[in-house]
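Colleague: With the sequence up front, the predicted model follows.
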Amino acid sequence: MGILIEHPVAVVDAWLRLQLLRLRVWGLSAFWPRRHEKRILLIRPDHLGDLLITLSALHGLITHYHAKGYAICAVVSPGNAALANACPLLDEVIPCDIYGGMDAAARLALLRRLYALRPEVAVNLMTAVGHDSVADYMTALARPAIACTQINSLWLKDLRTPLQRYLWTDRWRRHYAIWLSGDDNRTLLENETALASAICGTPFQPMLYTLNNWSLPPSPVKGDYYVVAPGCISSPRWPPQRFAAVMDAVAQRHPECVPVLTGVAAEAELGDAVLAARKSDGPIVNLMGKNSLLQLIALIRDARFLLSCDTGTAHLAPLTKTRAFTLLANGQTGIYFPNPLYTNTIHIATSLPCGRCGWQCTDRIEGLPHCLHAITAEQVIEAILQNGWKN
């Protein structure tokens with residue numbers, strides 16, 4: 001295997017697909033475990049919100065197998081590795097940048113580590129990957145292996161019926177594939193919870209994991225403060241001038257509560273724009289690009305409330321039980337932040353005839369989708385002043 005390190009990814013993929021074919025046709029391969037350990041492999045190298053929803057949906061499965069002495073291993077994206085390592089529910093975490101692209105050496109290193117795990121059961125919950133040999137290999141390592149994907153979602157309408165009705169198996173009944181219906185977090189939460197119930201034979205309900213027993217650093221800010229996350233990587237941003245207007249209004253009513261700006265380093269200019277638009281001369285803490293993911297969780301945990309767009313930061317608030325105000329596109333309320341996980345989140349959105357366009361709006365105003373532009377600073381100020389100081 002070592003000689004493949006010098007070859008490009010395409011060669012490694014071709015070699016690995018040959019191994020998958022050998023396993024499928026002859027059931028023979030030198031690169032598959034002959035014995036398996038009491039480990040469950042959860043494969044979810046996706047966005048932050050996807051990982052948190054999966055942990056909530058599969059809490060029953062995790063606790064079920066923990067009670068039987070199984071170790072729970074998770075394959076997550078590198079950006080989520082710190083959070084996964086801090087979570088006491090997971091015994092081992094394997095970072096995998098499968099969406100960002102891995103060179104041949106990284107792929108082979110990952111394969112070796114996965115092989116050493118020898119998991120007894122693998123549950124592949126990747127939602128947007130195509131035909132990737134590493135993803136196939138991660139699933140094929142275990143017997144049985146359960147692969148869940150959104151492709152061909154029309155094949156499956158409801159996972160609450162017996163799981164066996166939707167199993168596809170190869171001739172040796174080693175691998176299972178399940179097509180999850182739905183293209184939003186609410187449906188995935190329901191389906192993944194039903195999947196966990198079907199695997200274990202016990203009905204489960206989704207349960208949000210709170211921060212009990214998590215290994216977190218102290219908050220980088222002390223005292224009375226609230227957190228503002230104006231950035232958003234994958235969705236349009238609310239104008240910085242409106243964030244500044246909200247912060248000015250809060251400063252007039254509650255000058256003792258200090259705003260704290262947070263975001264990734266690439267959003268530093270956005271933070272500067274918010275600061276420049278402020279009219280209040282009250283104190284403010286700018287942590288744009290300065291705190292880690294775990295520090296961000298601790299920051300939100302001790303804050304009075306969080307104000308953010310539709311971004312990963314918004315999914316962290318339920319972990320901490322902190323009140324959150326989230327700016328959403330039209331029609332997304334309860335869809336991408338589903339109950340019962342987000343009961344402490346107040347969704348701020350406008351009601352328009354269109355909805356759920358995936359931010360592909362052609363009717364844009366000042367570069368923003370109509371529904372996001374229609375959310376006024378006054379609307380957000382009213383929601384915060386009415387609910388931000390409630391227990």
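Modeller: Happy to help now that I have it.

Colleague: and A314, how far is that from Y115?
Modeller: 37 Å (CB to CB, to the nearest Å). Where you see a C-beta, it was placed from the backbone N, CA and C, and this is true even at glycine.

Colleague: what about those two, which has more around it?
Modeller: More neighbours surround A314 than the other of A314 and Y115, with 27 against 13 (other CB atoms under 10 Å).

Colleague: ok, residues contacting the helix or strand hosting the more buried one?
Modeller: According to DSSP states H and E, A314 maps onto helix 312-320. Outside helix 312-320, the residues that touch it by CB atoms under 8 Å, 6 or more residues apart in numbering are 47-49, 52-53, 208-211, 229, 233, 262-263, 296-297, 300-301, 306, 308, 323-324, 326, 337, 341-345.

Colleague: Selecting buried members of those residues in PyMOL, what would you type?
Modeller: Here is the PyMOL command that picks out the buried ones among these, judged by 16 or more other CB atoms under 10 Å:
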select buried, resi 47+48+49+52+53+208+209+211+229+262+263+296+297+300+301+306+308+323+324+326+337+341+342+345
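
Colleague: Give me the neighbour count for Q295.
Modeller: Using other CB under 10 Å, Q295 is surrounded by 19 other residues.

Colleague: How about I346?
Modeller: When neighbours are counted by other CB under 10 Å, I346 registers 18.

Colleague: Is it correct that it is in contact with L328?
Modeller: No - the pair I346 / L328 is not scored as a contact, 10.3 Å apart, by CB atoms under 8 Å.

Colleague: circling back to that earlier point, average pLDDT across the helix holding A314?
Modeller: Averaged across helix 312-320, pLDDT comes to 86.

Colleague: tell me which element I94 falls in.
Modeller: strand 92-95.

Colleague: Buried by neighbour count: which residues of that strand qualify?
Modeller: 93-95.

Colleague: which SS class is V75?
Modeller: What DSSP: H, G, I helix; E, B strand; the rest coil gives for V75 is strand.

Colleague: how far away is C73 from P119?
Modeller: Between C73 and P119 the computed distance is 7 Å (CB to CB).

Colleague: helices and strands of the chain: which one has the lowest mean pLDDT?
Modeller: When the helices and strands of the chain are scored by mean pLDDT, DSSP states H and E, strand 168-169 comes last with a mean of 40.

Colleague: ok so, going back, which one of the buried residues of strand 92-95 is nearest to E267?
Modeller: Nearest to E267, judged by CB to CB, of the buried residues of strand 92-95 is P95 at 22.8 Å.

Colleague: Report the contact partners of that closest one.
Modeller: The neighbourhood of P95, defined by CB under 8 Å, 6+ apart, consists of 45, 75-78, 81.
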